[in-house]
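**Student:** sharing a model that was predicted from the sequence below.
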Amino acid sequence: MEQDSVRSYHLRGSRITGPQQSALDKYWGIYGMAYSESLIDIPALFPNVKNVILEIGFGMGEATALIGRDFPETGFIAVEVHKPGIGKLMARIEELELSNIRIIEGDAHPILRTMIADGSLDGVHLFFPDPWPKKRHNKRRIVNERFLELIAPKIKKDGFIHIATDWVPYAEYIQEVFAPSALFTGGVVDRPEWRPVTRFEGQGITKDHQVKDLRYFKV
C-alpha cells in the first residue's frame, strides 16, 4: 500500500454548488459507485457495449460526457476524488441521456487493485493529470514505473493508454518512464479529433501552453 500513501492529486477545495449536490443526491444510485474491495461485474454494468475505457481523474467531466455521447457503443468507467466534478458529470449524463458512463468515487490506485479485473479494459484515458511541476513533488506524479506495473495487467493485449498534458516537462518525463518499459510501446501522437477541448485546456492554450498527446499500446 506504499503507493497510496503518496497522493497523485491535489485535495482541492470541496465547495460544491447546489445543482452539483442535487445531482449527486438524485443520480448517485444510478451512475455512482463507492470504492469496494470486490471486482466490478463489467459485463453486467455495460451489457451492450463493444469496448470498455477507464478514465482516471475526469475533473468536471466536460470531456467525459462528450466522448461518452460520441461513442455510445463504448462503456466508460470514470474515476474521480472530487465531489463537485462527480455531481457536475452526473448532471451532464442525465442531460445527454447517456447510459454508457459509470462513476467511481475514489483514488485510482486502490480502485485498480481491487475493483478492475485483469484483461477487462480496452483502454485508459488520463487527461491532464496534475504535473506536480516542482522537483520535490515529482514523486507525486501518477505516471511512474509502479503505475505501469499496476495498470498493464488490467488492459487487454493491444489495448492502450492515452495521456494528454499541457506541461512539456511532464510530457518528456512520461516518455522517459515508458521508454524502458517492456509492457508498452508508443509515444507522442497528433491530438485526436475525438478528444474535446475543455475549458481547462482552452485556458492553457491561451497561455501558450503546449498540449501533448501520448498514446501507448499494451504489448
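**Tutor:** Cool, the structure landed.

**Student:** mean confidence score for stretch 144-152?
**Tutor:** Stretch 144-152 shows a mean pLDDT of 97.

**Student:** for stretch 39-58, same thing?
**Tutor:** Mean predicted lDDT for stretch 39-58 stands at 96.

**Student:** pLDDT-wise, which helix or strand of this protein ranks last?
**Tutor:** Ranked by mean pLDDT, DSSP states H and E, the helix or strand of the chain with the weakest confidence is helix 199-206, at a mean of 75.

**Student:** adjacent strands (with direction) for the helix or strand that it is followed by?
**Tutor:** Remark: after helix 199-206, the chain's next helix or strand is strand 212-218, criterion DSSP states H and E. Applying DSSP bridges, strand 212-218 is found paired with strand 155-165 (antiparallel), strand 184-189 (antiparallel).

**Student:** can you list the ones you listed in a markdown table and add mean pLDDT?
**Tutor:** Listed next are these as a markdown table, based on pLDDT from 0 to 100:
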| stretch | mean pLDDT |
| --- | --- |
| strand 155-165 | 97 |
| strand 184-189 | 98 |
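
**Student:** what's the most buried one of those?
**Tutor:** The highest mean neighbour count among these, using mean count of other CB atoms under 10 Å, belongs to strand 155-165: a mean of 19. Where C-beta positions appear, they are placed from N, C-alpha and C, glycine not excepted.

**Student:** elements contacting the helix or strand following that one?
**Tutor:** Where DSSP H and E defines the elements, the next helix or strand beyond strand 155-165 is helix 168-178. For helix 168-178, the packing partners by 3 or more CB pairs under 8 Å, 6 or more residues apart in numbering; DSSP states H and E come out as helix 145-151, strand 155-165, strand 184-189, strand 212-218.

**Student:** quick one: the helices in the protein?
**Tutor:** Using DSSP state H, the helices of the chain run over residues 18-31, 42-45, 62-70, 83-96, 108-114, 145-151, 168-178, 199-206.

**Student:** excluding its backbone neighbours, what's nearest the most centrally placed residue in the chain?
**Tutor:** Residue closest to the average C-alpha location in the chain (CA atoms, centre = their mean): Ile56, at 1.9 Å. Using CB to CB, 6 or more residues apart in numbering and skipping the chain neighbours, the partner closest in space to Ile56 is Ala108 (4.6 Å).

**Student:** the one you found: neighbour count?
**Tutor:** Ala108: 26 surrounding residues under other CB atoms under 10 Å.

**Student:** ok, it to Ala152 distance?
**Tutor:** Going from Ala108 to Ala152 by CB to CB, to the nearest Å gives 14 Å.

**Student:** Glu145 now?
**Tutor:** The gap separating Glu145 from Ala152 is 11 Å, by CB to CB.

**Student:** can you check Val219 too?
**Tutor:** According to CB to CB, Val219 stands 9 Å off from Ala152.

**Student:** who touches both of the two?
**Tutor:** Taking CB atoms under 8 Å, 6 or more residues apart in numbering as the contact rule, Val219 and Ala152 both touch Leu183, Phe184.
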